[in-house]
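> Sequence first, predicted model second:
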Amino acid sequence: MSLKSTTQVAKNRYQLEVLVDAEEFEKAVDAAYHKESKKITIPGFRKGKAPRGFIEKYYGDKVFYDEAINSVYPGALEKAVDESKLEMIEDKIDFDLVSAGADGLVFKATITTKPEVEIEDYKGIPVTKKVQEVTDSDIDAEIEKIRNRNSRMVTVEDREAQNGDIVVLDFDGSVDGKEFSGGKAENYTLQLGSGQFIPGFEDQVAGHRSGDEFDINVKFPEDYGAKNLAGKDAIFHVKLHEIKVKELPQVDDDFVKDVSEFDTLDAYRSDVREKLVKDAETKANDEMDNKLVNTLVSKLKADVPEAMFENQINEDLRDFSYRLQSQGLNVKTYMKYTGQNMEAIRKQFRPEAERQVKFRLALEKIAQLEKITPSEEEIEKEYAKLAENYKTEVDKVKSFVHKEDLVKDMSVEKAFHLVRDNAVVAEEKESPKTEKKPSDDGINSENSPKL
């Protein structure tokens, strides 16, 4: 195989003229004969037993060319792209057959490549790092989360149900005297005030005692999901079985010993503060990194092929699909629930896909300009780290993570470290604007950008 010529035919589009020599093409034709001849019947020969010469004489001397070209084309194109030093991206490839015969195979393939990239002033980027100040209220809120997780449910016998209680009840609903789908349940657990049921339902359960049976009158909202119920008056017959309240533990040294390795509340609060400070620092660094990403993207000069954005959207959609599967859903079900189609979802993914593509291009160019590349020792350490993550052997990781791809990923990561290390950082302490409320949710932090 040899690359005869490379011609730019449009922005980020190149036409490669490729020669597959006579010997290699003949091997491909002979392999095609052995594969296809099993299906061919020639008069005077049993099916699949006719010599190649007879088949070519009967059907034409180019009878096996299509199969031969299809088999040799992918490898020949890959070698030609490597020889051209172009970086091809996944996109439509235009194929034109020039000639095929005893002298070999010549074809032209028009491919899409990565764009020419320019980026300047990536060192010394001014950026503000805002670190959230940790207050006593933050510590109280964090301890309250742990307190809620260690609560227990206690049955109440001596009073009526009230907002915040958890009740166990039966209900049987009807509209216009007829039962409807989903309107009936037994021993249903409901927290009053959660807004889980139709407006007015939970309010009317409050004020009743365990053992009470009563009717509730409500009206379905006009925009209710089930159109046959939207705006309709409904009656629910309810039997209240049990009223429960959440009993929270006392926050003292005994509580601390139960939920941590510490013996005193003061020591525990100090540890909570330390962790919150660390979390605040991590969040501040992530936010600072995102600002640097946005700045790099804005400094990038490149005519990015549309295919690169579409490919990134496809990759993000695959990741999204895997996340849905982990929740027992799929994209089709998600679209049904949200009322979206695939076009709308792809449009939703578009802005971040563009950002990721441009960010990667910027870092690749910086790595090139700065001659950044990982050492062999660093590469081996990364393979060992991947093997540990995948719970497998290093050699197996090397079989599916190609060294060239790993080097590229490590180089762009090093390039971003260079940008971050050379940024001019103005650090600010940010006081909380509003007091945090206790909740069962974990502390959220933005993810670092994908490299």
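Perfect, thanks for sending it.
> Residue 208: neighbouring residues, count only.
19 (other CB atoms under 10 Å). Glycine gets a C-beta too; all of them are placed from N, C-alpha and C.
> that's a strand at residue 193, yeah?
No: Residue 193 sits outside any strand when classified using DSSP: H, G, I helix; E, B strand; the rest coil, being coil.
> Just list what the longest helix that the chain contains packs against, helices and strands only.
For the chain, the helix that runs over the most residues, judged by DSSP state H, is helix 265-299. Counting contacts by 3 or more CB pairs under 8 Å, 6 or more residues apart in numbering; DSSP states H and E, helix 265-299 is packed against strand 126-132, helix 136-149, helix 253-259, helix 342-369, helix 403-421.
> Could you give me the buried positions within the next helix or strand after it?
Per DSSP states H and E, the first helix or strand lying C-terminal to helix 265-299 is helix 306-326. Residues of helix 306-326 classed as buried: 308, 309, 310, 311, 312, 313, 316, 317 (neighbour count, 16 or more other CB atoms under 10 Å).
> before we move on, back to that, dump the helices and strands packed on helix 265-299 to JSON lines, plus mean neighbour count, distance to residue 278 and mean pLDDT.
Below are the helices and strands packed on helix 265-299 laid out as JSON lines (neighbours: other CB atoms under 10 Å; distance: least, CB to CB, whole Å; pLDDT from 0 to 100):
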{"stretch": "strand 126-132", "mean neighbour count": "16", "distance to residue 278": "11", "mean pLDDT": "96"}
{"stretch": "helix 136-149", "mean neighbour count": "16", "distance to residue 278": "12", "mean pLDDT": "95"}
{"stretch": "helix 253-259", "mean neighbour count": "15", "distance to residue 278": "19", "mean pLDDT": "95"}
{"stretch": "helix 342-369", "mean neighbour count": "17", "distance to residue 278": "27", "mean pLDDT": "97"}
{"stretch": "helix 403-421", "mean neighbour count": "16", "distance to residue 278": "19", "mean pLDDT": "97"}
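> now for the ones you listed, which one comes closest to residue 14?
When those are compared by CB to CB, helix 342-369 sits nearest residue 14, at 17.8 Å.
> list the contacts for the closest residue to residue 21 other than its chain neighbours?
Spatial nearest neighbour of residue 21, excluding adjacent residues (CB to CB, 6 or more residues apart in numbering): residue 104 at 4.8 Å. Neighbouring residues of residue 104 by CB atoms under 8 Å, 6 or more residues apart in numbering: 19, 20, 21, 22, 24, 25.
> count of residues packed around the fifth one?
Neighbour count for residue 24, taken as other CB under 10 Å: 17.
> from the chain's centre, how far out does the helix or strand encompassing it sit?
Taking DSSP H and E as the definition, one finds residue 24 inside helix 22-36. The chain centre lies 44 Å from the centre of helix 22-36; the measure is CA atoms, centre = their mean, to the nearest Å.
> before we move on, back to that, turn the helices and strands packed on helix 265-299 into a markdown table, columns for distance to residue 296.
Below are these laid out as a markdown table (distance: least, CB to CB, whole Å):
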| stretch | distance to residue 296 |
| --- | --- |
| strand 126-132 | 11 |
| helix 136-149 | 33 |
| helix 253-259 | 43 |
| helix 342-369 | 4 |
| helix 403-421 | 7 |
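> Please identify which of these is closest to residue 114.
Going by CB to CB, the one of those nearest residue 114 is helix 342-369, 7.3 Å.
> I'd like the distance from the closest one to the chain centre, please.
For helix 342-369, the distance to the chain centre is 14 Å (CA atoms, centre = their mean).
> Report the rounded mean pLDDT for the helix or strand just after that helix.
Toward the C-terminus, helix 342-369 is succeeded by helix 376-390 as the next helix or strand (DSSP H and E). Mean per-residue pLDDT for helix 376-390: 95.
> now swap in stretch 290-303 and tell me
Mean predicted lDDT for stretch 290-303 stands at 97.
> Please report how far the residue nearest the centre of the chain lies from residue 326.
Residue closest to the average C-alpha location in the chain (CA atoms, centre = their mean): residue 319, at 3.6 Å. Residue 319 is 11 Å from residue 326, where distance means CB to CB, to the nearest Å.
> and if you look at residue 28?
The gap separating residue 28 from residue 326 is 44 Å, by CB to CB.
> Narrow the contacts of residue 104 to those that are buried.
In those, burial by neighbour count holds for 19, 20, 24, 25, counting by 16+ other CB under 10 Å.
> Quick check: of these, which lies closest to residue 7?
Nearest member of those to residue 7, counting by CB to CB, is residue 19, at 15.0 Å.
> tell me which element the closest one falls in.
Counting by DSSP H and E, residue 19 is part of strand 13-20.
> so what does that strand touch, helix or strand wise?
With contacts taken as 3+ CB pairs under 8 Å, 6+ apart, strand 13-20 sits against strand 2-10, helix 65-84, strand 104-112.
> rewinding a little: confidence score at the residue nearest to residue 21?
96.
> what about residue 170, how many neighbours?
16.
> Isn't it up against residue 236?
No: applying CB atoms under 8 Å as the test, residue 170 and residue 236 come out as separate, 9.9 Å apart.
> Residue 118 reaches residue 302, doesn't it?
Yes: between residue 118 and residue 302 there is a contact at 7.0 Å, judged by CB under 8 Å.
> how far is stretch 250-258 from where the chain is centred?
40 Å.
> Extract the CA atoms of that stretch and return them as CSV.
Backbone C-alpha positions of stretch 250-258 (Å, rounded to 0.1, in the frame of the first residue of the first chain) are rendered in CSV as follows:
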residue,chain,number,x,y,z
GLN,A,250,-30.1,14.1,71.5
VAL,A,251,-26.8,15.6,70.1
ASP,A,252,-24.4,14.9,72.9
ASP,A,253,-21.2,12.8,73.6
ASP,A,254,-23.2,9.6,73.5
PHE,A,255,-24.6,10.5,70.1
VAL,A,256,-21.1,11.3,68.8
LYS,A,257,-19.8,7.9,70.0
ASP,A,258,-22.6,6.2,68.1
